[in-house]
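In: build me a model from this:
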Amino acid sequence: MNVFGLNRYSRVAVMLLTAVAANISIAQISDDQIPETAASGTQQNVAQDGADSGTPSASQGSEVVDKVKDTVVETAGIVKDKANEIGQTLDQSQSVVDVSNSILNPIYQAAESAGQYPMFYWCAFTLMAAGVVSFLLQLLLTKLFLLFRMHLNLEEMIMDGVGLAISVVGLILTTQAASENSASFVQSPSAVLSAVGIGAVLGIVFYIWGQRQEFQAAEGYAAAKAKET
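Out: Got it, this is the predicted structure:
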């Protein structure tokens, strides 16, 4: 009986252990297979969602860019048409014509009077050359020095750029006017070279003055900041 009882209990224990082992094996198999299946399904869904959502977003972005371009072109066309319309309206107004003539006539008279003297073109060329040299050095050298000191004034840069543009345009117009109205200045190399040389010297002098003023302003700004801290 004892032997039979031990054998029965041992068989029951073996059966229980076998069942537990089988359950554990099934659970492991299920855990290994289900996540892989779920992960593969999730990856497929994500890929499909990305494929589905990627194409519309790209197409929508291109549509937005096209709409912006069309709007800009349309707005530019409207502004141009309005400007032309306003210009035509002003050109047909007698009061506007009178105001324009009152501004231009004194300039024409002064140009005709001064244009009779070749020295006028020499002086104009010299001043324009001085402006080009001065403002060019201000933009290149002075702003570079101020950059090393970590103090740049945007307003000064804009003013120097505008001054350089005005000087370049004035130099071009002076040369054109001199070639049309004063052959003696254009055809005289000594007059041209002397105007360039004196203009360069004046430009360097103006550059030194401007540089000194900007350095003083930068030092004052640094001192004010130091007092605040």
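
In: state the number of residues packed around Lys170.
Out: Careful, residue 170 is Gly; it's not Lys. 17 (other C-beta atoms under 10 Å). (Each C-beta comes from the backbone N, C-alpha and C, glycine too.)

In: list the contacts of it.
Out: 124, 127-128, 131 (C-beta atoms under 8 Å, 6 or more residues apart in numbering).

In: wait, doesn't Ala191 sit right on Phe185?
Out: Yes: applying C-beta atoms under 8 Å as the test, Ala191 and Phe185 come out as touching, 5.2 Å apart.

In: what about those two, which has more around it?
Out: More crowded of Ala191 and Phe185, by other C-beta under 10 Å: Phe185, with 23 against 19.

In: and the pLDDT at that one?
Out: You'll see Phe185 listed with a pLDDT of 84.

In: which residues touch it?
Out: Contacts of Phe185 (C-beta under 8 Å, 6+ apart): 118, 121-122, 125, 178, 191-192.

In: which neighbours do Ala191 and Phe185 share?
Out: 118, 122.

In: picking that back up, go through the contacts of Phe185 and name the one with the lowest pLDDT.
Out: Pro118 (81).

In: I'd say that one and Ala191 touch.
Out: Yes: with contact defined as C-beta under 8 Å, Pro118 counts as touching Ala191 (7.5 Å).

In: number of residues surrounding Asn153?
Out: Asn153 has 15 nearby residues by other C-beta under 10 Å.

In: same question, Pro189
Out: Pro189: 8 neighbours (other C-beta under 10 Å).
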